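> Below is the sequence, then the predicted model.
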Amino acid sequence: MSRPCCDGAVRLAWLKPLDREVLGGWSRLGSLLWALAHLALGVPLLMAGAYVHRPGVEPIWLMGGLALVCAGVTLRRTLPGTGLVVGTLGLAVDTVLLGPTSAAFITYGDLLYAVAVWGRGRIAYGVFALVAVLGVVVCVVGGYLLYTGALSGGMLNLMQLAGLYVLVFVTPMTTGLSVREHRSRAELERERAHQIIRMAELDRGSAVAEERGRMARELHDVIANHLSAVAVQSTAALSMREFDAERVRDVLRVVRDSSVQGLAEMRRMIGVLRADDHPELERVTPRLREVERLVDGARAAGLEVAADGVAEVGELPAQVDAAAYRIVQECLTNALRYAEPRRVRIAARCLPVGADGAGTLVIEVENPVEPRRVAADGEGLGAGWGLTGMRERVGLLGGVLDAGPDGAGRWRVRAELPLERSRTEEGTTA
């Protein structure tokens, strides 16, 4: 099965030395072959008499000028400027001393094309300007010779001379510069495509990181709240010295409600993650007006909750509504774990629209804590992922969060969430 691959490798093995620096690589090898092709074309033209006969010049000598121009062709890809200099020297020998021959001019046109395509920008455009100036000189001198009668044949010969100059010198340069321009544009388009790909990769990475952060916050809020209630009630049940059936039943009822609500929210999150597989699923976000359910659960867990103004805030933008709900949820979770005595106060209100055209939703939650925990500047109050998640939510909305002990034995959280004017007006209208 592997024999054909080995045979192919053996057949191509002899080509590898040709791509070494000894022969100059494939580009120089191609230029060498192209120069030999020009020489092979020029020999029949010389044999056919395509040159200007000069007394005392043997036809075999004409090969010298052609060979020198072809020598410049061997440098057309690697050193086009040097190749043009060598070709110009060969063309001068061919035109002034020996010929001129048509083969040398044809080959020289290829050198001009090579300079326009592969030469440096200054050299390419400099040679083009020189060719244009020489073209004007040829036309002016030809016109003067025609005017003085030194040029026989009249206007027809002058037009033929100008056309020959354009064909041999101007056309290769304009063609080469056009190819150079197209290659430059293609390279710019490739670079632009690479930049777009890199930007898309960066955007995708940012989107993935942002989505991971959002999911981490959601999972923390869901799991921490409901499992904290379960843990607190389970601890209370285990700490009973005497069995109390009614109290155990109440504890199990709270554990069941918290578990069912946690599973429901987890199921809702999983449904959002699978929305691509099931487009009919709508994204459901929690709202501040649903806080009453959290309050009922906290009260059932033995926490005294006072909620002021939560039901009066009205309609809010979806992102602000969800952030406010999660902030209250996290504060209730921390209060279940650390409040002593076991009570918490929640207050929510909307400040009026200011000069910047936007209102502000203010949420304040405070609960008493043990003095030894406050003395530690909140380090024992679970100020970890929950507080980080709240700061991230408020920061994404451009708001301000202040959380920590207030110096009076209470843990206080204050969040200010800005509201866009247009959405506030829409909510008020609704």
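The structure has been received and is ready for your questions.
> Show me the helices in the chain, by range?
3-13, 25-47, 62-73, 80-92, 102-118, 121-148, 155-165, 171-238, 245-273, 291-300, 318-338, 371-375, 385-396, 421-429 (DSSP state H).
> Which among the ones you listed is found nearest to Val310?
Closest to Val310 of the helices of the chain is helix 291-300 (C-beta to C-beta; 5.4 Å). C-beta here means a position set from N, CA and C on the backbone, and glycine is covered the same way.
> and that closest one, how far from the chain's centre?
Here helix 291-300 is found 46 Å from its chain centre; the criterion is C-alpha atoms, centre = their mean, to the nearest Å.
> Show residues contacting it.
For helix 291-300, the external contacting residues (C-beta atoms under 8 Å, 6 or more residues apart in numbering) are 225, 229, 250, 253-254, 257-258, 261, 305, 307, 310-311, 325, 328-329, 332, 335-336, 344, 346.
> For Asp402, which of the helices of the chain is the nearest?
Between Asp402 and these, the shortest gap by C-beta to C-beta is with helix 385-396, which sits at 9.7 Å.
> Mind checking the pLDDT average for the closest one?
Regarding helix 385-396, the rounded mean pLDDT is 81.
> which other residues reach that helix?
Residues outside helix 385-396 that contact it (C-beta under 8 Å, 6+ apart) are 213, 216-217, 220-221, 224, 319, 323, 326-327, 330, 333-334, 400-401, 403, 413, 415-417.
> The same query, at a cut-off of 10 Å, please.
Residues outside helix 385-396 that contact it (C-beta atoms under 10 Å, 6 or more residues apart in numbering): 210, 213-214, 216-221, 224-225, 319-320, 322-324, 326-327, 329-331, 333-334, 363, 378, 381, 383, 399-404, 413, 415-418.
> ok, back up a step: out of the helices of the chain, the one nearest Gly409 is which?
Closest among these, using C-beta to C-beta: helix 371-375, at 6.1 Å.
> ok so, going back, which of the helices of the chain has the lowest mean pLDDT?
Of all those, mean pLDDT reaches its minimum on helix 421-429 (a mean of 42).
> contacting residues for Thr171?
When contacts are counted by C-beta under 10 Å, 6+ apart, Thr171 touches Gly109, Leu112, Tyr113, Tyr165.
> Also Pro100?
Pro100 sits next to Tyr51, Val52, Arg54, Leu62, Gly65, Leu91, Ala92, Asp94 when contact means C-beta under 10 Å, 6+ apart.
> thinking again about what came up before, out of the helices of the chain, which gets nearest to Cys350?
Closest to Cys350 of those, according to C-beta to C-beta: helix 421-429, at 8.0 Å.
> can the helices of the chain go into CSV with extra columns for distance to Leu351?
Putting the helices of the chain into CSV (distance: least, C-beta to C-beta, whole Å) gives the following:
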stretch, distance to Leu351
helix 3-13, 76
helix 25-47, 73
helix 62-73, 82
helix 80-92, 73
helix 102-118, 69
helix 121-148, 63
helix 155-165, 83
helix 171-238, 25
helix 245-273, 30
helix 291-300, 19
helix 318-338, 13
helix 371-375, 29
helix 385-396, 15
helix 421-429, 11
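> Out of those, the one nearest Gly359 is which?
Going by C-beta to C-beta, the one of those nearest Gly359 is helix 421-429, 5.1 Å.
> can you list the domains in the chain?
17-199, 288-430 (automatic domain parsing).
> count of neighbours near Val133?
For Val133, the count of nearby residues is 10 (other C-beta atoms under 10 Å).
> ok so, going back, check the contacts of Thr171 against Glu246 and report the nearest one.
Nearest to Glu246 among the contacts of Thr171, counting by C-beta to C-beta, is Tyr113 at 100.7 Å.
> any idea how far Phe169 is from that closest one?
Using C-beta to C-beta, to the nearest Å, Tyr113 is found at 11 Å from Phe169.
> Equivalent analysis for Gly314, please.
82 Å.
> circling back: by neighbour count, which of the contacts of Thr171 wins?
For those, the largest number of neighbours (other C-beta under 10 Å) sits with Leu112, at 27 neighbours.
> so what's it up against?
If you count contacts by C-beta under 10 Å, 6+ apart, then Leu112 has 80, 84, 87-88, 119, 124, 127-128, 131, 168-176 around it.
> among those, which ones are buried?
With burial judged by 16 or more other C-beta atoms under 10 Å, the buried subset of the contacts of Leu112 is 80, 84, 87-88, 119, 124, 127-128, 131, 168-170, 172-174, 176.
> so which of the domains of the chain is the most packed in?
Mean neighbour count, computed with mean count of other C-beta atoms under 10 Å, is highest for domain 288-430 among the domains of the chain, reaching a mean of 18.
> give the contact list for the residue nearest the centre of the chain.
Nearest residue to the geometric centre of the chain (C-alpha atoms, centre = their mean): Met199, 0.6 Å. For Met199, the contact set (C-beta under 10 Å, 6+ apart) is empty.
> thinking again about what came up before, as CSV, the contacts of Pro100 with distance to Ser206 would be great.
Listed next are the contacts of Pro100 as CSV, based on distance: C-beta to C-beta, whole Å:
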residue, distance to Ser206
Tyr51, 70
Val52, 72
Arg54, 76
Leu62, 70
Gly65, 65
Leu91, 60
Ala92, 63
Asp94, 65
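> Closest to Trp34 out of these?
Using C-beta to C-beta, these come closest to Trp34 at Leu91, 17.3 Å.
> The closest one and Ala71 touch, don't they?
No. With contact defined as C-beta atoms under 10 Å, Leu91 does not reach Ala71; the gap is 11.8 Å.
> Send over stretch 134-147 as CSV, restricted to the C-alpha atoms.
Coordinates of each C-alpha in stretch 134-147 appear next as CSV, following Å, rounded to 0.1, in the frame of the first residue of the first chain:
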residue,chain,number,x,y,z
LEU,A,134,12.4,59.2,-23.8
GLY,A,135,9.2,58.6,-25.7
VAL,A,136,8.5,62.3,-25.7
VAL,A,137,12.1,62.9,-26.9
VAL,A,138,11.7,60.4,-29.7
CYS,A,139,8.6,62.0,-30.9
VAL,A,140,10.1,65.5,-30.7
VAL,A,141,13.3,64.5,-32.5
GLY,A,142,11.3,62.5,-35.1
GLY,A,143,9.1,65.5,-35.7
TYR,A,144,12.1,67.8,-36.1
LEU,A,145,13.8,65.4,-38.5
LEU,A,146,10.5,65.1,-40.5
TYR,A,147,10.2,68.9,-40.6
